[in-house]
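S.K.: Predicted model, plus sequence, below.
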Amino acid sequence: MTQTADDPPVRARSLVGGRVQGVGFRAFAARTATRLDLVGGVRNLDDGRVELDVEGRRTVIEALLRELKIGPPASHVTKIETEWSAATGRYSNFSIWY
């Protein structure tokens, strides 16, 4: 993940609601984040939502969020809530968490 002084890394914690479990959403998110050279992870929550914790350039994370709104074919995303903060630097890749 290469950064410049004008585009420092940020962290986004996103909660994705809708039909997002049992439809390959985590794998879709992981493939997309990896393709965009983002780091972090994704997991299912007990309440039916999916949580992402991702770090990278804000513009690239915003591109990820746009793709997540579409999701894989069987999904139906109804809401994405995102909290932005400073990057922690604790991730080295993007993983599916269980």
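M.R.: It's in.
S.K.: For this protein, just list every one of the strands.
M.R.: Assigned by DSSP state E, the chain shows strands spanning 9-19, 39-44, 50-57, 76-86, 94-96.
S.K.: So which of the ones you listed is the most surrounded?
M.R.: Of the strands of the chain, the one with the most neighbours on average (mean count of other C-beta atoms under 10 Å) is strand 50-57, at a mean of 22. Yep, even glycine has a C-beta here, placed from its N, CA and C like the rest.
S.K.: angle of it against strand 9-19?
M.R.: Using axes from the mean of the first three to the mean of the last three C-alpha atoms, to 10 degrees, the inter-axis angle of strand 50-57 relative to strand 9-19 is 150 degrees.
S.K.: In terms of pLDDT, where does Thr2 sit?
M.R.: According to the prediction, Thr2 has pLDDT 51.
S.K.: Spatially central, which residue of this protein would that be?
M.R.: Nearest to the geometric centre of the chain sits Leu52, at 4.4 Å (C-alpha atoms, centre = their mean).
S.K.: quick one: contacts for that one?
M.R.: Contacts for Leu52 (C-beta atoms under 8 Å, 6 or more residues apart in numbering) come out as 12-14, 16, 29, 33, 40-42, 68.
S.K.: List just the nearest of those residues to Ile61.
M.R.: Using C-beta to C-beta, the shortest approach to Ile61 within the contacts of Leu52 belongs to Ala12, at 4.9 Å.
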